[in-house]
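**Student:** From the sequence below, what's the structure:
(one chain, ligands or ions: 1)
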Amino acid sequence: MTDSLTAFAAEKLDQLESRSLRRALVPTDRIDGLWVERGGRRLLSFSCNDYLNLSHHPAVKAAAMAAVERYGAGAGASRLVTGDHPVFGELEARLAALKGKQAACVFGSGYLANAGIIPTVMGPGDLILADELAHACIWSGAQLSGATVLAFRHNDMADLAQKLAARRGAAARCLIATDGVFSMDGDLAPLDAISDLARAHDAWLLVDDAHGLGVLGQGGAGAGSVYPGAHID
Ligand SMILES: Cc1ncc(COP(=O)(O)O)c(C=O)c1O
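**Tutor:** Below you'll find the model as predicted:
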């Protein structure tokens, strides 16, 4: 007899399949970052976020190897216990300097950053307004927070203004969340206009700049530096 978990899994996978939503992992060997091997074929890759191929830069690889020699291949414990190797603090100080900010905090992945940060500052009784095309991790973090979550139309300042006017008053705190550079289309959020609306409505602004940092602005400081007048909390 099939156990209930197996039956549930089979049914769910069938449903995903029928909606063309079932996803599968495809092993990809990034030979030198530019050329990859997939399904026995050698392909030129335009499908990664390693835009400058830094993952294969000799200096980056040498520094990673030196760090493994010095610190080992794992942290051994979470940072809060004994895993806070000095290199993390050094990295955070340099990232903060690059962004012109007081401090930085590095997470294990981009997804974890939003899943960690948003529930830290937002909770029940608060309001989160996110661009409808914001990355999935903004929605995960927003849902985890227990705040009321609303989408505003992509880069549509009139819609954002209307939703702030209608809903801000009833919320204790308000957060506007957006990608800096949108991951699917590569367009930019109008951070100057969003920042003006945020200030006018006493809302905080969170920008996920996964695709802007290192790519846009002076010294690669990111999407925020394209809009020097914007206040990004
Ligand atoms: C805008 C944005 N935020 C977060 C992430 C998730 O980052 P990670 O894969 O490091 O968890 C991505 C993934 O590409 C992204 O495009």
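**Student:** how about the residue in the chain positioned nearest to the ligand, phi and psi?
**Tutor:** When distances are taken as C-beta to the nearest ligand atom, the chain reaches nearest to the ligand at residue 110, 2.5 Å away. The C-beta positions use only the backbone N, C-alpha and C, and glycine is treated the same way. Backbone torsions of residue 110, given as degrees, to the nearest 10, read phi -60, psi -40.
**Student:** Need the pLDDT of it.
**Tutor:** With respect to pLDDT, residue 110 scores 95.
**Student:** Please apply the same query to residue 75.
**Tutor:** 88.
**Student:** swap in residue 51?
**Tutor:** Residue 51 is assigned a predicted lDDT (pLDDT) of 81.
**Student:** Quickly note the distance from the spatially closest residue to it that is not a sequence neighbour to residue 158.
**Tutor:** The shortest distance from residue 51 to any non-neighbouring residue, by C-beta to C-beta, 6 or more residues apart in numbering, is to residue 215 (6.1 Å). Per C-beta to C-beta, to the nearest Å, residue 215 is found 29 Å from residue 158.
**Student:** who's more crowded, the two?
**Tutor:** Higher neighbour count among residue 215 and residue 158: residue 215, with 17 against 9, using other C-beta atoms under 10 Å.
**Student:** Would you map the helices across this structure?
**Tutor:** 4-18, 58-71, 86-99, 110-121, 136-145, 157-167, 191-200 (DSSP state H).
**Student:** between the ones you listed, which gets nearest to residue 179?
**Tutor:** Proximity to residue 179, assessed across these by C-beta to C-beta, is greatest for helix 136-145 (7.7 Å).
**Student:** so, in contact with the ligand or not, the closest one?
**Tutor:** Yes: using C-beta under 6 Å from any ligand atom, helix 136-145 reaches the ligand at residue 137.
**Student:** could you give the mean pLDDT of that helix?
**Tutor:** Helix 136-145 comes out at a mean pLDDT of 98.
**Student:** what sits up against it?
**Tutor:** By C-beta atoms under 8 Å, 6 or more residues apart in numbering, the residues outside helix 136-145 that reach it are 110-119, 122-123, 126, 128, 130, 149, 177-179, 206, 208.
**Student:** So how do I select the buried members of these in ChimeraX?
**Tutor:** Per 16 or more other C-beta atoms under 10 Å, the buried members of these correspond to this ChimeraX selection:
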select :110,111,113,114,115,117,118,119,122,126,128,130,149,177,178,179,206,208
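**Student:** just to revisit the earlier point, would you list the helices of the chain in CSV and tack on distance to residue 29?
**Tutor:** What follows is the helices of the chain, written out as CSV (distance: least, C-beta to C-beta, whole Å):
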stretch, distance to residue 29
helix 4-18, 27
helix 58-71, 16
helix 86-99, 28
helix 110-121, 23
helix 136-145, 26
helix 157-167, 43
helix 191-200, 38
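**Student:** So which of the ones you listed is nearest residue 44?
**Tutor:** Comparing the helices of the chain under C-beta to C-beta, the one sitting nearest is helix 58-71, at 20.9 Å.
**Student:** Output the closest one as CSV, nothing but the C-alphas.
**Tutor:** The C-alpha coordinates for helix 58-71 follow below in CSV (Å, rounded to 0.1, in the frame of the first residue of the first chain):
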residue,chain,number,x,y,z
PRO,A,58,42.9,33.8,-10.7
ALA,A,59,43.2,36.3,-7.8
VAL,A,60,39.7,35.3,-6.4
LYS,A,61,40.5,31.6,-6.6
ALA,A,62,43.9,32.1,-4.9
ALA,A,63,42.3,34.1,-2.1
ALA,A,64,39.7,31.4,-1.6
MET,A,65,42.3,28.7,-1.5
ALA,A,66,44.4,30.8,1.0
ALA,A,67,41.3,31.2,3.2
VAL,A,68,40.7,27.5,3.2
GLU,A,69,44.3,26.9,4.2
ARG,A,70,44.1,29.4,7.0
TYR,A,71,40.5,28.8,8.3
